[in-house]
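In: Any chance you could fold what I've pasted below:
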Amino acid sequence: MDKHRCGWCIGDTLYESYHDNEWGVPVKDDAKLFEFLILETFQAGLSWITILRKRDNFRKAFDAFDYEKIASYDQAKIDSLLQDTGIVRNKLKINATVSNAKAFMEVQKEFGSFSAYIWGFVDGKPIKNSLKHYKDAPANTPLSDAISKDLKKRGFKFVGSTVVYAHMQATGMVNDHETNCFRYHEV
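Out: Residues are numbered from 1 along each chain as shown. Coordinates of the predicted model:
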């Protein structure tokens, strides 16, 4: 018998695998949080499946999302990324990735880790919503508004409230699995 999944991932094996294994699982590792933050910023204005399909290419292009390396990218590296057909070649988003890596490390210095900073907004525990249907999930919330505002104040770019809320969902800060989804009680 098939397990019930959230409706947004049905019909695409990559989406289903992502849903079953990653989406909504609490992430406390800084490297993984950075990866999701960068992928979410590239997703702005695009579909998540587009980014998922290019995820391995992003990983290669951006040195496995090593924020210390990314923070030191020079113009030659940025120019090479703009020619990389395997990723989303958006100059503003690529430049934002470099500045976000620098801002990320500043947050680490201040809070000890990015995880301590970001999870501090939810007292270290996921918010568990009760959605009957994935379309009932908000695009943003007052909390994602507040996090977005704070990130922007710290120099982050492409971190609007909708991007932040998607990041919260992906990294398990909020559980937006449908209540009848097999993952709802697992994450």
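In: Tell me the secondary structure at the residue nearest to the spatial centre of the chain.
Out: Per C-alpha atoms, centre = their mean, the C-alpha nearest to the average position across the chain is that of residue 36, at 3.1 Å. On the three-state scheme (DSSP: H, G, I helix; E, B strand; the rest coil), residue 36 is labelled helix.
In: So it sits against residue 167, correct?
Out: Yes. Applying C-beta atoms under 8 Å as the test, residue 36 and residue 167 come out as touching, 5.8 Å apart. Placement of C-beta: from N, CA and C, glycine included.
In: Grab the longest helix from this structure for me.
Out: Counting residues, the longest helix found in the chain (DSSP state H) is helix 91-111.
In: give the contact list for residue 37.
Out: Taking C-beta atoms under 8 Å, 6 or more residues apart in numbering as the criterion, residue 37 is in contact with 100, 104, 159, 167.
In: out of these, which one sits closest to residue 187?
Out: For the contacts of residue 37, the minimum distance to residue 187 (C-beta to C-beta) is 15.4 Å, reached by residue 167.
In: what's around the nearest residue to that closest one once chain neighbours are set aside, how many residues?
Out: Counting by C-beta to C-beta, 6 or more residues apart in numbering, residue 167 lies nearest to residue 40, which is 4.7 Å off, once chain neighbours are set aside. Number of residues near residue 40 (other C-beta atoms under 10 Å) recorded here: 23.
In: Residue 15 now?
Out: Residue 15 has 19 neighbours, counted by other C-beta under 10 Å.
In: before we move on, back to that, relative to residue 47, how far out is the residue nearest to the centre of the chain?
Out: Counting by C-beta to C-beta, to the nearest Å, the separation of residue 36 from residue 47 is 16 Å.
In: And for residue 131?
Out: 20 Å.
In: More neighbours: the two, which one.
Out: residue 131 (18 against 9).
In: Can you check what pLDDT the model gives that one?
Out: Listed pLDDT for residue 131 reads 95.
In: What of residue 51?
Out: Looking at residue 51, the pLDDT reads 96.
In: Is it in a helix, a strand, or coil?
Out: helix.
In: could we number from 340 for the rest of this?
Out: Taking 340 as the first residue, the last one we looked at is residue 390.
In: who touches it in this structure?
Out: If you count contacts by C-beta under 8 Å, 6+ apart, then residue 390 has 378, 381, 382, 397, 427 around it.
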